[in-house]
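Asks: Fold the stuff below for me.
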Amino acid sequence: MIDQITVFLENKEGRLASLTRAMGDAGINMHALTIADTSDYGLVRIIADKPQAAVAALTEAGYRASLTKVSAIAVPHVPGALAGLLEVFEQNDINIQYAYCMPMGKDGQVIDVLKVTGAEEVAKAEAIEAAGYKILQAGDVYLVD
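Replies: Numbering: from 1, shown residues only. Have a look, this model is predicted:
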């Protein structure tokens, strides 16, 4: 499991720029950012170095930020690889609340970030790894606090 920074952001001009400036000024490097929006607010999800420090910096800057545990899984960057991973999830009754991808590097893989439901994550991790996928830890993805 890794830490994802979740921020409720008012859907107003300049707010995202201000949020990213607060992180940059705190020396926090982002690796992924995704936004789900409504007419009134956005839900920003960020994978970044030093997630606890990032939340502290964002909170100090007036943002409502928190940490959420998510799974990070290395997936080959080839057609059908993500479908294969999702089929393993389906076969093992793992429900996915949301997901997004981020680049991993030059080794031909990407990181699929998934928020899943259910308390049996550890037992089901064996099935995911047995299918040939690598579950990543925080140090594999970003600089830890």
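
Asks: Could I get the CA-only coordinates of the lowest-mean-pLDDT helix or strand in the chain as PDB?
Replies: Taking mean pLDDT, DSSP states H and E as the measure, the helix or strand of the chain with the lowest value is helix 121-130, at a mean of 77. These are the backbone C-alpha positions of helix 121-130, laid out as PDB (Å, rounded to 0.1, in the frame of the first residue of the first chain):
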ATOM      1  CA  GLU A 121      -6.400  -7.300   0.800                       C
ATOM      2  CA  VAL A 122      -3.400  -9.200   2.200                       C
ATOM      3  CA  ALA A 123      -4.800 -12.600   1.300                       C
ATOM      4  CA  LYS A 124      -5.800 -11.500  -2.100                       C
ATOM      5  CA  ALA A 125      -2.400  -9.800  -2.700                       C
ATOM      6  CA  GLU A 126      -1.000 -13.400  -3.100                       C
ATOM      7  CA  ALA A 127      -3.400 -14.000  -6.000                       C
ATOM      8  CA  ILE A 128      -2.300 -10.800  -7.700                       C
ATOM      9  CA  GLU A 129       1.400 -11.600  -7.300                       C
ATOM     10  CA  ALA A 130       0.800 -15.200  -8.400                       C
END
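
Asks: which residues sit against it?
Replies: With contacts defined as C-beta atoms under 8 Å, 6 or more residues apart in numbering, helix 121-130 is touched by Met1, Ser71, Ile73, Leu85, Val88, Phe89, Gln91, Asn92, Ile94, Gly118, Ile135. Backbone N, C-alpha and C define where each C-beta goes, glycine included.

Asks: cutoff 6 Å now
Replies: Surrounding helix 121-130, the residues in contact under the criterion C-beta atoms under 6 Å, 6 or more residues apart in numbering are Val88, Asn92, Ile94, Ile135.

Asks: which parts of it are buried?
Replies: Using 16 or more other C-beta atoms under 10 Å as the burial criterion, the residues of helix 121-130 that qualify are Lys124, Ala125, Ile128.

Asks: residue ranges of the helices in this protein, please?
Replies: Secondary structure of the chain, counting by DSSP state H: helices at 15-25, 51-60, 81-91, 121-130, 138-141.

Asks: Redo those helices as JSON lines? Include distance to Ala99.
Replies: Written out in JSON lines, the entries for the helices of the chain read as follows (distance: least, C-beta to C-beta, whole Å):
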{"stretch": "helix 15-25", "distance to Ala99": "21"}
{"stretch": "helix 51-60", "distance to Ala99": "19"}
{"stretch": "helix 81-91", "distance to Ala99": "8"}
{"stretch": "helix 121-130", "distance to Ala99": "14"}
{"stretch": "helix 138-141", "distance to Ala99": "15"}
